[in-house]
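Engineer: Give me a model of this one.
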Amino acid sequence: YTIVTIGTQGPHTMNGYYTRTTTTTPSFSPTSKKWYLTNDLGYIDIHSKLYFCGRNTDTIRTGGETVYAPEVEHVLSRFS
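Structural biologist: Below is the predicted model:
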């Protein structure tokens, strides 16, 4: 399988942020502005099942804050 950056499109994508072009433009595919690139890595198997394999970056921007994914994973691991 080839591991690629996962993209999504549809009415659920970027709800509330779509008109903020300075924030969202860098996250859209340079070849097709319809696809939002999630910075997650994955592949699709022969049964069309999507598998997540990792991330391009370990930082997440949310609500104007920078969150580090390993810190979130550490906190969430306490609940499993």
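Engineer: For this protein, give the helix that spans the most residues.
Structural biologist: Using DSSP state H, we find that the single longest helix of the chain is helix 69-77.
Engineer: Which residues does it contact?
Structural biologist: 55, 58-60 (Cβ atoms under 8 Å, 6 or more residues apart in numbering). Quick note: C-beta positions are derived from backbone N, CA and C, even for glycine.
Engineer: hmm, try it at 7 Å
Structural biologist: Residues from elsewhere that reach helix 69-77, judged by Cβ atoms under 7 Å, 6 or more residues apart in numbering: 55, 58, 60.
Engineer: From these, which land in strands?
Structural biologist: 55, 60 (DSSP state E).
Engineer: for the record, mean pLDDT for stretch 63-80?
Structural biologist: Mean pLDDT, stretch 63-80: 87.
Engineer: oh, I was asking about stretch 38-46
Structural biologist: On average, stretch 38-46 scores 92.
Engineer: center of this protein - which residue?
Structural biologist: Among the residues of the chain, the one closest to the centroid is Thr38, at 2.0 Å (Cα atoms, centre = their mean).
Engineer: Quickly note the distance from that one to Ile44.
Structural biologist: 14 Å (Cβ to Cβ, to the nearest Å).
Engineer: Then Tyr51?
Structural biologist: 7 Å.
Engineer: Surely the residue nearest to the centre of the chain is in contact with Thr8?
Structural biologist: Yes - in this structure Thr38 lies within contact range of Thr8 using Cβ atoms under 7 Å: 6.3 Å.
Engineer: For the chain, which segments count as helices?
Structural biologist: Under DSSP H, the chain gives helices at 21-24, 69-77.
Engineer: Chain neighbours aside, what residue packs nearest to Tyr36?
Structural biologist: Thr13 (4.8 Å; Cβ to Cβ, 6 or more residues apart in numbering).
Engineer: for Phe28, same thing?
Structural biologist: Closest to Phe28 by Cβ to Cβ, 6+ apart is Tyr36, at 5.8 Å.
Engineer: For Arg61, which non-adjacent residue is spatially closest?
Structural biologist: Val67 (7.7 Å).
Engineer: pretty sure the one you found is touching Asp58, no?
Structural biologist: No - contact status for Val67 versus Asp58: not in contact, 9.6 Å apart, counting by Cβ under 7 Å.
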